[in-house]
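>>> Have a look at this fold, sequence not included:
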């Protein structure tokens, strides 16, 4: 974690209230879970509505593989109120280190009210992260988590706004992604869609077009030059005179 500032924006609070309301009382009635990984009394929480699940168990369930459950989607719905609040307040250990369970279920196919609540929460969480100087999780980790849940980068990239806090987060994301993007590799660990090329191209195009001015404004001229190079074909990128300059080789 990068900080301890609580996320309390009006939009995020409203999204959490909606999650609480829409998913109140959900359970996975016949859930048996993986008997090798979970004790019977632990799995029993998933079958029991209106009962708080211990925080450490929420974390284990939220990042567990679907094969560990009879009905993974029902488990995610059961956990959503607590999971969403923990994501927002920074207490859900595992963000950036494991694949989030919401990225492994087809929540878009849930009833419209449920799908809308999930989408609104992810957008609000990302917006709040962008406008918080020291959010609880590294911003690139939140970006990847949101992208894998939404299965889409565009709404996240569109939400980068021109203000000092957001511009600092553009720097942190560019730093985190550049090592991979400059060699046409994916910087994401948990994007398992089989379309890494599309992901890489989208990030490269956005950074090349929108990041350089922001990076220079944040005192990162060398990083800005590398962002501009992402617009070039691979061979042209590495033949560029930038790599022979003193700053590029240090």
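Right, received. Where do you want to start? This structure is a prediction, so every number in the text was calculated from the model and none was measured.
>>> show me what contacts the residue nearest to the spatial centre of the chain?
Central residue of the chain (C-alpha atoms, centre = their mean): residue 145, 1.9 Å from the mean position. Residue 145 sits next to 87, 95, 96, 100, 103, 190 when contact means C-beta atoms under 8 Å, 6 or more residues apart in numbering. C-beta here means a position set from N, CA and C on the backbone, and glycine is covered the same way.
>>> so which strand or helix has the closest residue to residue 33 other than its chain neighbours?
Nearest residue to residue 33, sequence neighbours excluded (C-beta to C-beta, 6 or more residues apart in numbering): residue 43, at 3.7 Å. When elements are assigned from DSSP states H and E, residue 43 belongs to helix 40-47.
>>> what residues go with each domain of the protein?
For the chain, the TED database gives the domain ranges 9-137, 160-241.
>>> In this protein, where is pLDDT below threshold?
1-8, 245-250 (pLDDT under 70).
>>> where exactly do the helices run in it?
10-22, 40-47, 55-62, 72-89, 112-130, 139-150, 154-158, 164-181, 196-217, 221-229, 234-239, 246-249 (DSSP state H).
>>> right, and residue 187 touches residue 203 too?
Yes. Residue 187 is within contact range of residue 203, at 7.2 Å (criterion: C-beta atoms under 8 Å).
>>> anything in contact with each of those two?
The contact lists of residue 187 and residue 203 share 177, 181, where a contact means C-beta under 8 Å, 6+ apart.
>>> So which of those two has more stuff around it?
residue 203 (24 against 18; other C-beta atoms under 10 Å).
>>> With distance to residue 33 added, can I get the helices of the chain in TSV?
Below are the helices of the chain laid out as TSV (distance: least, C-beta to C-beta, whole Å):
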stretch	distance to residue 33
helix 10-22	23
helix 40-47	4
helix 55-62	9
helix 72-89	8
helix 112-130	22
helix 139-150	23
helix 154-158	33
helix 164-181	35
helix 196-217	32
helix 221-229	46
helix 234-239	47
helix 246-249	53
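>>> List just the one of those that sits closest to residue 31.
Evaluated over these, closeness to residue 31 peaks at helix 40-47, with 4.3 Å, by C-beta to C-beta.
>>> So which bits of that closest one are buried?
Using 16 or more other C-beta atoms under 10 Å as the test for burial, helix 40-47 gives 43, 45, 46, 47.
>>> contacting residues around residue 148?
Per C-beta under 8 Å, 6+ apart, neighbours of residue 148: 99, 100, 103, 188, 190, 191.
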